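Peer 1: Test case, fold it:
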Amino acid sequence: MKKILVLCTGNSCRSQMAEGYLRMFSDGKAEIFSAGIESHGLNPLAIKVMQEDGVDISNHTSNRIDELDNLKFDYVITVCDSAKESCPVFPSSARTFHQNFPDPAKAQGSHEVKLELFRSVRQMIKTYSKKFIEENILKIEY
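Peer 2: Predicted coordinates:
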């Protein structure tokens with residue numbers, strides 16, 4: 001079974017949402033992990049907007065990349081430029097992918113403004129995750 005790592009700066013929003021969608025779209029055909037260069041804890045707004053779309057990430061944990069040193073990954077996806085620049089070198093043949101998503105945790109304004117940014121980023125991550133699984137795990141032929 002293929003192992004996928006989603007890597008971000010703090011493992012609180014973008015990588016957590018991607019982990020949730022990659023799990024959903026892979027339908028058990030891949031093992032999905034997420035981690036950060038640092039660990040900032042799971043963002044409650046990420047949990048909320050994912051629940052709105054039927055994906056429960058409330059039991060995810062915020063992990064640092066060094067906690068996963070013993071695993072060999074087939075794919076590593078960085079979801080922010082900071083993680084890409086700080087990404088450790090993996091002594092494996094993992095294929096690396098990069099897609100920078102805006103950081104919804106940095107949203108300013110009212111609660112509703114913050115939620116709208118989280119929802120917007122969620123949709124971008126959902127679209128990317130579905131395509132990634134189709135092209136790399138399910139290999140759907142059209």
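Peer 1: The top helix by length along the chain packs against which elements?
Peer 2: Ordering each helix of the chain by length in residues (DSSP state H) puts helix 111-133 first. Using 3 or more CB pairs under 8 Å, 6 or more residues apart in numbering; DSSP states H and E as the contact test, the elements touching helix 111-133 are helix 14-26, helix 44-52. From N, CA and C alone the C-beta is placed, and that goes for glycine too.
Peer 1: what residue ranges in the chain are flagged as low confidence?
Peer 2: The model of the chain has pLDDT under 70 over residues 83-92, 140-142.
Peer 1: ok, now how distant is the closest residue to Thr9 other than its chain neighbours from Tyr21?
Peer 2: Closest residue to Thr9 apart from its sequence neighbours, by CB to CB, 6 or more residues apart in numbering: Ser82 at 4.6 Å. Distance of Ser82 to Tyr21, computed by CB to CB, to the nearest Å: 21 Å.
Peer 1: ok, the residue nearest to Met50 when sequence neighbours are not counted - contacts?
Peer 2: Spatially, and ignoring its direct neighbours in sequence, Met50 is nearest to Ile57 (4.9 Å; CB to CB, 6+ apart). Contacts for Ile57 were tallied using CB atoms under 8 Å, 6 or more residues apart in numbering; they are Gln16, Met17, Glu19, Gly20, Leu42, Ala46, Ile47, Met50.
Peer 1: again, but for Gln108
Peer 2: Lys114.
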